[in-house]
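Enquirer: sequence and predicted structure are below.
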Amino acid sequence: MGGQAFVELEATHGGPIHVPRIPPATYHKLSSEIKTKLQTLFLRVVIPREPPGKLDHGDIDFLVGGILPSSSSSSTSNNNITDIWTTIRALLNAPLHLPRGGSHSFGILHPDIPNAYIQVDVELSPGDGTPSASALFAWTQFTKGDADLTQIIGICHRHLGLTCNDRGLHLRVSQIEPYDKKKSLLFLTCDPTQAMTFFGLDAEKYYAGFATEDELFEWIVRGRFFSRTVFEERIEKHNDRARLLKRPMYRRFMTEFIPTHPSVGLHSEEGSSSPPWTRDQVLEEALTTFSAHAEYQRMMTEHNTKEAEETFWKRVKDVIPAEGSSLAVGVKGLRRWVGFVDGKPYIRSSCVKETPIWTEEIRGEGREEEVLRWVGENWQTVKALEKKRSKDSREGAGNNVRV
């Protein structure tokens, strides 16, 4: 957090907490010492790669994973995770400690400045203790490295449905995204090299490192999907504007690099302009590259079923000559008290806990119209059953209340 984590502790601390910038010599000395200590607790300990040209530091960041059996806790249950943070605090002899989910900030005494602190951030990699722990550690090291690198990559490719999160590279399925962003995520990979290759980025150059920030920016915009035209027409969200204020590297890319490099992202082939990639083209490329057709089809089948059900139940409501609570109880009755045999509805003797998917039961030409006619003839019967069930349930709950 750039040395700013302990501002919120100042009220309970009794005054300002001084966390000065860390000069290179102090940074490298403390980094080495703390890394050695953390390696007694974790199998994997790294400092995410710093961006080029960084002169000093606000804090020292560590990414850790693989709690060793020799530490005070060797499993990832909630209690043991709590224990490991307590162990780290004691190991670092840190007077200050601020938990923030999977990342904790520790304030250790400054070795050279009285009444000052060094902020040490330790983040436990996502998926620690699971079979994918090692792969997710490598992915997290990539996404946390070079400051705002993956945030810039994300903004440049957001219009194509590509998203990098803490679990890997995903594609947002456009049909599902409007109503369920989490469900819309189609996993592609958590391998950094595979992700860079898919973006058309030079992985070998990435691993060699960047001499300057401009070199890093140029590497990003050389990707095969980057389009200056589309990028400049993007619609900024609130988070983008906040990022512009809080993230210096991101701000320099947006306000300095892009305006002063007018030719980047203007794809041309033999002198003629080539059209930018579309979201559908990237989808097909992703499905083929990552062999994701089966999962995509599963997601689309679920989506299409949901859409068909919603459309069907709108028609059901149109058939029922009722409004308000009467209509609502009638629909609940249909969902709870109707079963199917060979696609034909019947009224059950007891209610079901899980509503059948009606559109899957009534496939076939003319079947939906037949069922809608049946609904018109029987909705009052199931409404009465549902009202009685609801009344009995309330009375039963009342009888169980102890005085």
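Expert: Looks like it came in fine.
Enquirer: how is the protein partitioned into domains?
Expert: What the TED database lists as the domains of the chain is 24-128, 146-268+275-290, 301-400.
Enquirer: of these, give the one that comes closest to residue 7.
Expert: Nearest to residue 7, of all those, is domain 24-128, at 9.9 Å by CB to CB. Where you see a C-beta, it was placed from the backbone N, CA and C, and this is true even at glycine.
Enquirer: how long is that closest one from one end to the other?
Expert: The first residue of domain 24-128 is 31 Å away from its last residue (CA to CA, to the nearest Å).
Enquirer: hmm, back to that, dump the domains of the chain to TSV, plus mean neighbour count.
Expert: TSV is the format used below for the domains of the chain (neighbours: other CB atoms under 10 Å):
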stretch	mean neighbour count
domain 24-128	16
domain 146-268+275-290	16
domain 301-400	14
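Enquirer: any chance of those in CSV, plus mean pLDDT?
Expert: Converted to CSV, these look like this (pLDDT from 0 to 100):
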stretch, mean pLDDT
domain 24-128, 92
domain 146-268+275-290, 95
domain 301-400, 94
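Enquirer: now distance to residue 7 too, for those domains, in JSON lines please.
Expert: Formatted as JSON lines, the domains of the chain follow (distance: least, CB to CB, whole Å):
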{"stretch": "domain 24-128", "distance to residue 7": "10"}
{"stretch": "domain 146-268+275-290", "distance to residue 7": "14"}
{"stretch": "domain 301-400", "distance to residue 7": "44"}
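Enquirer: out of those domains, nearest to residue 8?
Expert: Once the domains of the chain are compared by CB to CB, domain 24-128 is nearest, at 7.4 Å.
Enquirer: residue contacts, residue 88?
Expert: By CB atoms under 8 Å, 6 or more residues apart in numbering, the residues touching residue 88 are 38, 41, 94, 104, 106, 122.
Enquirer: now, among these, which is nearest to residue 241?
Expert: Proximity of these to residue 241, judged by CB to CB, is greatest for residue 104, which lies at 29.0 Å.
Enquirer: bridge partners for the most centrally placed residue in the chain, pull those for me.
Expert: The chain has residue 165 as the residue nearest its centroid, 4.6 Å off, counting by CA atoms, centre = their mean. For residue 165, the beta-bridge partners under DSSP bridges are residue 168.
Enquirer: against residue 154, how distant is it?
Expert: Distance of residue 165 to residue 154, computed by CB to CB, to the nearest Å: 9 Å.
Enquirer: what do you get for residue 104?
Expert: Taking CB to CB as the measure, residue 104 falls 25 Å from residue 154.
Enquirer: ditto for residue 190
Expert: Computed as CB to CB, the residue 190 to residue 154 distance reads 15 Å.
Enquirer: and if you look at residue 217?
Expert: Applying CB to CB to residue 217 and residue 154 gives a distance of 15 Å.
Enquirer: quick one: closest of the domains of the chain to residue 15.
Expert: Closest approach to residue 15 among these (CB to CB): domain 24-128, 9.9 Å.
Enquirer: which helix or strand contains residue 216?
Expert: Element membership for residue 216 (DSSP states H and E) is helix 213-221.
Enquirer: same thing with residue 265?
Expert: If you go by DSSP H and E, residue 265 is not part of any helix or strand.
Enquirer: that one contacts residue 231, correct?
Expert: Yes. Residue 265 lies in contact with residue 231 (CB atoms under 8 Å); the separation is 6.2 Å.
Enquirer: excluding chain neighbours, what is closest to residue 265?
Expert: Closest residue in space to residue 265, ignoring its immediate chain neighbours: residue 228 at 3.0 Å, by CB to CB, 6 or more residues apart in numbering.
Enquirer: what sits against that neighbour?
Expert: The contact partners of residue 228, by CB under 8 Å, 6+ apart, come to 221, 258, 264, 265, 266.
Enquirer: Serialize those residues to a markdown table and add fields for distance to residue 62.
Expert: As requested, the contacts of residue 228 are arranged in a markdown table below (distance: CB to CB, whole Å):
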| residue | distance to residue 62 |
| --- | --- |
| 221 | 31 |
| 258 | 33 |
| 264 | 35 |
| 265 | 36 |
| 266 | 41 |
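Enquirer: nearest to residue 367, of those?
Expert: Nearest to residue 367 among the contacts of residue 228 is residue 265, at 52.5 Å by CB to CB.
Enquirer: and the gap between that closest one and residue 155?
Expert: 13 Å.
Enquirer: residue 197 now?
Expert: Plainly put, residue 197 is 20 Å away from residue 155 if you go by CB to CB.
Enquirer: repeat that for residue 137.
Expert: Counting by CB to CB, the separation of residue 137 from residue 155 is 25 Å.
Enquirer: and if you look at residue 28?
Expert: Residue 28 is 32 Å from residue 155, where distance means CB to CB.
Enquirer: repeat for residue 350
Expert: 54 Å.
Enquirer: can you check residue 366 too?
Expert: Distance, residue 366 to residue 155, using CB to CB: 51 Å.
Enquirer: endpoint to endpoint, stretch 43-60 covers what distance?
Expert: Per CA to CA, the first residue of stretch 43-60 is 19 Å away from its last.
Enquirer: and that stretch, how far out from the chain middle?
Expert: 24 Å (CA atoms, centre = their mean, to the nearest Å).
Enquirer: over to stretch 276-296?
Expert: Relative to the chain's own centre, stretch 276-296 is displaced by 19 Å; criterion: CA atoms, centre = their mean.
Enquirer: so that it lines up with my notes, have the first residue be 879 from now on.
Expert: Yes, from this point I'll number from 879; that puts the last item at stretch 1154-1174.
Enquirer: can you tell me the distance between the two ends of that stretch?
Expert: End-to-end span of stretch 1154-1174 (CA to CA): 24 Å.
Enquirer: can you list contacts of stretch 1175-1187?
Expert: So stretch 1175-1187 is in contact with 1051, 1053, 1054, 1061, 1062, 1064, 1235, 1236, 1237, 1238, going by CB under 8 Å, 6+ apart.
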